[in-house]
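Undergrad: Structure of the sequence below:
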Amino acid sequence: MLLFFYFYAMIKEWLRNIRMNYASEQTYIAQRMLQEQGGWQSHLKNSKKFIEEFISEHPSKSINILGSGWLLDVPMDKIIEQFDSVVLTDIYHPKQIVNRYSKYPNVEFKTADLTYGAVDLTYAVNKRNFNLEEYLTKIKAIKRVNYDADLVVSLNLLSQLSIFITDYLTNKVALDNNQIIEIASVIQLNHLKWLPQNRSVLITDYEEEFVDEDNKFIGSKPTIFIDIPKSNGTKEWTWKFDSQMTYREDCKTYLKVVATKI
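TA: Residues are numbered from 1 along each chain as shown. Next up is the predicted model:
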């Protein structure tokens, strides 16, 4: 009977990830990186360098990478060598990455909804009796997460936490842009508050910047709706996310990125 419930839960989670596009997102990321023909390399290099500097300044035994995905922006060789325990946490792990790193005894894959409840809450929404205020109250009431690792890295994750949620929700109920921003703000604030103080790194895009074919600026919009703490060691750069005009057909899309210690 226990085995039945275990497989039932796995199938239910798999269906949720398919219907909310979490599974297909990992394939999309890999395809876009290849499509950009090296345009991502500067961003990936900057992310790795910031993490390397952080772990070199904080000798520790354990680390948790939140939003590990394809590990494109993670200095895995150095992390595996330095830490006794490496936890890779994401809602969906590419099979290629699991196969590659499962052989290391100090590497553990943890499958988790990194909103710790908002995904299932959204998946269960009934459009006939949806109430935004009640929905937001439930998200705000999600129990605080306590990360056990000595160091925690939130990696190109913060702006993504609400996107699949609001996209899925918009297909069920009518949400305007202000409501989408309100939901995103609550989810982003939860994540930021849960990162352990003085032992975390946050790397995230915070703004989409649009340029035309001649690389002239034509507009921008925020992807983060809360204040990001900054310090003397904070770094910022531009990620040439889409230079082929496939993300948006009318322009190229660059992302403004910030890396900071929490």
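Undergrad: Give me the below-cutoff pLDDT ranges for this structure.
TA: 1-38 (pLDDT under 70).
Undergrad: Quick check: next helix or strand after the longest strand seen in it?
TA: Counting residues, the longest strand found in the chain (DSSP state E) is strand 200-211. Next along the chain after strand 200-211, taking DSSP states H and E as the criterion, comes strand 217-222.
Undergrad: Show me what that following strand pairs with in its sheet, parallel or antiparallel.
TA: Strand 217-222 has the following strand partners under DSSP bridges: strand 200-211 (antiparallel).
Undergrad: related to what we said a few turns ago, centre of the chain versus the longest strand of the chain, how much separation?
TA: 11 Å (Cα atoms, centre = their mean, to the nearest Å).
Undergrad: tell me which element Ile79 is part of?
TA: Going by DSSP H and E, Ile79 is in helix 76-82.
Undergrad: elements contacting that helix?
TA: The contact analysis (3 or more Cβ pairs under 8 Å, 6 or more residues apart in numbering; DSSP states H and E) places helix 76-82 against helix 41-57. The way it works is simple: take the backbone N, C-alpha and C, and place the C-beta from them, glycine included.
Undergrad: Each with direction, which strands does the following helix or strand past the helix it packs on pair with?
TA: Downstream of helix 41-57, the first helix or strand assigned by DSSP H and E is strand 62-66. Using DSSP bridges, strand 62-66 pairs in its sheet with strand 85-90 (parallel), strand 151-155 (parallel).
Undergrad: Return the most buried member of those strands.
TA: Comparing those by mean neighbour count (mean count of other Cβ atoms under 10 Å), strand 151-155 comes out on top with a mean of 24.
Undergrad: what angle separates that strand from helix 41-57?
TA: Angle, strand 151-155 to helix 41-57, by axes from the mean of the first three to the mean of the last three Cα atoms, to 10 degrees: 170 degrees.
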